[in-house]
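Asker: A predicted structure for the sequence below; I have some questions about it.
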Amino acid sequence: MASPAHMPTGDDNAFGSPGPQASDHLPAPQAYEPMFDNAAGRRLADRYRLVRLVRRYPGDPAPEYWVGFDEVLNREVGVYLLSDRHPRALEIAQAARESATVIDAHFIQILDVDTEGSLCFVVTEWVAQARDLGALVTRTPLSVQAAHGVVRQLAEAVGQAHACDITHGDLKPSAVLVTATGQIKILGLHLEAALLGADPRRADPAAARGADVRAIAQLWYVALTGRWPGESAHGLPAAPDPHGRLFSPAQVRAGVPRPVDRLVTEALDPGRAPYEAKTLAAAIAALPRMREDDEPTQLRAAVPRPPAPTAVQPAIPSSPDPYAPSYGSHAAPPVRPRSDPRPTGSGRPPSGGSRTRGLIVAAVAAVAVIGTLAAFEFGGGGGGSPQANGASSTAATSAAPTTPQQVSVVSDSVWDSDKGQDDASIAPKAYDPSSSTGWSTSTYVQATEVGSYRKGTGLIFDLGSAQKVGSVTFDAAAAGATAEVWTAPAGLAALPSVSNSAPSGFTKQGAQTGVGGSGDITFSFTSAVTTRYVLIWFTALPHQDPDQDHPLDGYRDNIADVKIYS
């Protein structure tokens, strides 16, 4: 069936989206004419308004699938609509109810099953910002890592359904949606087979489970090669099979690791190594994780990655530079004003000027030393008042500039309109010096700027207690983002619930446009503030192609190597 992937009306202006548009793999709205009289605009159960017909199934009368709108919860839904005269109406309704018993977020959830007059209807979850697997591999297969992530989620979810004695019965590329965050949603659990004419309750349980497992292997093959393992099907070209022997993924595409190739081949042929969904999921999880560098260059995305962070050490100049400040291993590199005439490159300054400056500095230093010795001598070699000497020492110390120190980050959390759930598990990578990737935003499919609904996305860093903060540095992989830094009031001891705008009471310390791509992004505050929480927030994102960890192209960036200084 067509995938119900659509920009929801509640999020249609995500980062400046022009408005709701159907995903390109949905049938055009005019592809079907409704068979049910006055269906468009009709309200079911006084809450579900039918908006647009998406698909018609075989049968007489033919079941239909609609985009609907739940007027009570103000959200889009999917609605299966069929006549009570349909010969399998009871089986279809029962399949929907049984599907609802599987509690796994990877499946499109069944929200309601009911009848109204001569109509039976099934209401389902509607997925935003997703494309089905068949559409994703049309231009190029997924990376090995992305394919691994998709099929692992698929196997684990199907294993959960099998544990509840529920099978899918019709797993195919259009039934697996990949969301903007790389998560999958599976359409039609138990229900799709019933709509297409099968009665799931009469199927042999072992055979049905085996068919699901083989379908998982077929979808893995599709994700790796962009071909269907057999004759051309589901809009995909056939995989090579000279002399009736199917090529393995590694024979179709370079760079597929041998353990992956072997496991896909075994799962495709149940006679070689029969798998249950649960054991296949465990075998997938046990595969060695493929590094990005293991794939051939042409298979990797062109998105620049920030260099692996190293300990901050002062560079040793090739020649003495009297203007170069010295800073410790935890101090922030200085930000020079634009008016500083000193060369910014790595070359040496003109030799004459350098020599002259060096002589002047040496002369000044000699005069200072002589003056100090004279003062010491004429002042009695330190035999004066101890109190006076102490006061002089204190004055000299207070006159010396203080060196910024790096402030430790205790934890961080995601702050955006998705309620802080986008890749929250990897958020600590943003300030982990051993991570070369950091935390990535979601991939937004249509927009680059602030919109009326989604105001921004980023991370809040918890310092554990109120600290003095004067500057923040971090990396972003791709150029073109607009970034802001905000700080909490000094007395704020706990964060409020995540909302769509900057946290209430926070103060913006600066904004920069077109940042990212190379080098540190530095925010230096006008004056140091006392705060426990620091927010790094993107309000515009650059467009990126798919990469190893993000199967969708769209607008995203990352935050890595975060350092906060006093």
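Answerer: Yep, it's here.
Asker: pLDDT weak spots in the stretch 101-250 of the chain?
Answerer: Scanning the stretch 101-250 of the chain for pLDDT under 70 picks out 199-202.
Asker: now do the strands in it.
Answerer: Taking DSSP state E, counting those that start in this stretch as the test, the strands found in the stretch 101-250 of the chain are 110-116, 119-125, 130-132, 176-179, 184-186.
Asker: of the ones you listed, which is nearest residue 455?
Answerer: Closest approach to residue 455 among these (Cβ to Cβ): strand 176-179, 20.8 Å. To be clear about C-beta, it is placed using only N, CA and C from the backbone, and glycine gets the same treatment.
Asker: by contact count, what packs against that closest one?
Answerer: In terms of contacts (3 or more Cβ pairs under 8 Å, 6 or more residues apart in numbering; DSSP states H and E), strand 176-179 is packed against strand 130-132, helix 133-136, helix 144-163, strand 184-186.
Asker: which residues sit against that strand?
Answerer: Strand 176-179 has contacts (Cβ atoms under 8 Å, 6 or more residues apart in numbering) with 3, 5, 127-133, 136, 150, 154, 184-187, 219, 551-552.
Asker: for that strand, which strands pair with it and how are they oriented?
Answerer: strand 130-132 (antiparallel), strand 184-186 (antiparallel) (DSSP bridges).
Asker: select, out of those, the one closest to residue 47.
Answerer: Ranking these by proximity to residue 47 (Cβ to Cβ) places strand 184-186 first, at 22.9 Å.
Asker: backbone phi and psi for the residue nearest to residue 504 when sequence neighbours are not counted, please?
Answerer: In space, and not counting its chain neighbours, residue 504 is closest to residue 496: 6.1 Å by Cβ to Cβ, 6 or more residues apart in numbering. Reported as degrees, to the nearest 10, the phi and psi values for residue 496 are phi -80, psi 180.
Asker: would you mind confirming that residue 496 makes contact with residue 489?
Answerer: No - counting by Cβ atoms under 8 Å, residue 489 is not a contact partner of residue 496; they are 11.7 Å apart.
Asker: which one of the two has more residues nearby?
Answerer: Set residue 496 next to residue 489 and count neighbours by other Cβ atoms under 10 Å: residue 489 wins out with 17 against 11.
Asker: does the more buried one count as helix, strand or coil?
Answerer: Of the three states, residue 489 takes coil under DSSP: H, G, I helix; E, B strand; the rest coil.
Asker: what segments of the chain are helices?
Answerer: Ranges of helices in the chain, per DSSP state H, are 89-99, 133-136, 144-163, 191-195, 205-225, 249-252, 258-268, 277-285, 351-378, 386-399.
Asker: if we can go back for a sec, ranking the strands paired with strand 176-179 by burial, who's on top?
Answerer: With neighbours taken as mean count of other Cβ atoms under 10 Å, these reach their highest mean count in strand 130-132, at a mean of 24.
Asker: show me where the stretch 401-550 of the chain has strands.
Answerer: Under DSSP E, counting those that start in this stretch, the stretch 401-550 of the chain gives strands at 406-407, 411-416, 439-440, 457-475, 481-487, 507-515, 521-540, 543-544.
Asker: quick one, which of the ones you listed is packed in tightest?
Answerer: strand 439-440 (a mean of 24).
Asker: closest one to residue 208 among the helices and strands packed on strand 176-179?
Answerer: helix 144-163 (9.0 Å).
Asker: relative to helix 205-225, how tilted is that closest one?
Answerer: 170 degrees (axes from the mean of the first three to the mean of the last three Cα atoms, to 10 degrees).
Asker: pull out the buried residues from helix 144-163.
Answerer: 144-162 (16 or more other Cβ atoms under 10 Å).
Asker: now stretch 96-106
Answerer: With burial defined by 16+ other Cβ under 10 Å, the residues of stretch 96-106 counted as buried are 96, 98, 99, 100, 102, 104, 106.
Asker: contacting residues for the fifth one?
Answerer: Residues near residue 102 by Cβ under 8 Å, 6+ apart: 160, 161, 164, 166, 189.
Asker: same deal with the third one?
Answerer: With Cβ under 8 Å, 6+ apart as the criterion, the residues that contact residue 99 are 107, 110, 166, 189, 190, 191.
Asker: need the strands of the stretch 401-550 of the chain in JSON lines (columns: distance to residue 50).
Answerer: Formatted as JSON lines, the strands of the stretch 401-550 of the chain follow (distance: least, Cβ to Cβ, whole Å):
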{"stretch": "strand 406-407", "distance to residue 50": "56"}
{"stretch": "strand 411-416", "distance to residue 50": "32"}
{"stretch": "strand 439-440", "distance to residue 50": "37"}
{"stretch": "strand 457-475", "distance to residue 50": "33"}
{"stretch": "strand 481-487", "distance to residue 50": "40"}
{"stretch": "strand 507-515", "distance to residue 50": "44"}
{"stretch": "strand 521-540", "distance to residue 50": "37"}
{"stretch": "strand 543-544", "distance to residue 50": "35"}
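Asker: least confident of these, on average?
Answerer: Among those, strand 543-544 carries the lowest mean pLDDT, a mean of 84.
Asker: which strands or helices does that one pack on?
Answerer: strand 554-555.
Asker: name the helices or strands packed onto the strand it packs on?
Answerer: strand 543-544.
Asker: strand partners (parallel or antiparallel) of the strand it packs on?
Answerer: Here strand 543-544 is paired, per DSSP bridges, with strand 554-555 (antiparallel).
Asker: got a pLDDT number for residue 444?
Answerer: With respect to pLDDT, residue 444 has a value of 75.
Asker: likewise residue 496?
Answerer: 86.
Asker: residue 352 now?
Answerer: 45.
Asker: could you do residue 333 as well?
Answerer: Taking residue 333 on its own, its pLDDT is 39.
Asker: hmm, residue 112 is touching residue 125, no?
Answerer: No - Residue 112 is beyond contact range of residue 125, at 10.8 Å (criterion: Cβ under 8 Å).
Asker: contact partners for residue 39?
Answerer: 50, 53, 64, 66, 81.
Asker: now the fourth one. Nearest residue, chain neighbours left out?
Answerer: Read that as residue 66. That would be residue 79: by Cβ to Cβ, 6+ apart, it lies 4.5 Å from residue 66.
Asker: repeat that for the last one.
Answerer: If you skip the residues right next to it in sequence, residue 81 has residue 64 as its closest partner in space, 4.8 Å away by Cβ to Cβ, 6+ apart.
Asker: find the nearest non-adjacent residue to residue 554, please.
Answerer: Once flanking residues are discounted, residue 554 sits nearest to residue 443: 4.0 Å by Cβ to Cβ, 6+ apart.
Asker: what's the burial count for the one you found?
Answerer: For residue 443, using other Cβ under 10 Å, the count is 23.
Asker: any figure for the gap between it and residue 553?
Answerer: Taking Cβ to Cβ, to the nearest Å as the measure, residue 443 falls 8 Å from residue 553.
Asker: okay, and the common contacts of these two?
Answerer: residue 544.
Asker: in the sheet, who's paired with residue 233?
Answerer: residue 236.
Asker: neighbours of it, how many?
Answerer: Around residue 233 sit 15 other residues, with neighbours defined as other Cβ under 10 Å.
Asker: over to residue 545?
Answerer: Neighbour count of residue 545, defined by other Cβ under 10 Å: 12.
Asker: quickly list what residue 461 is bridged to.
Answerer: residue 412, residue 534.
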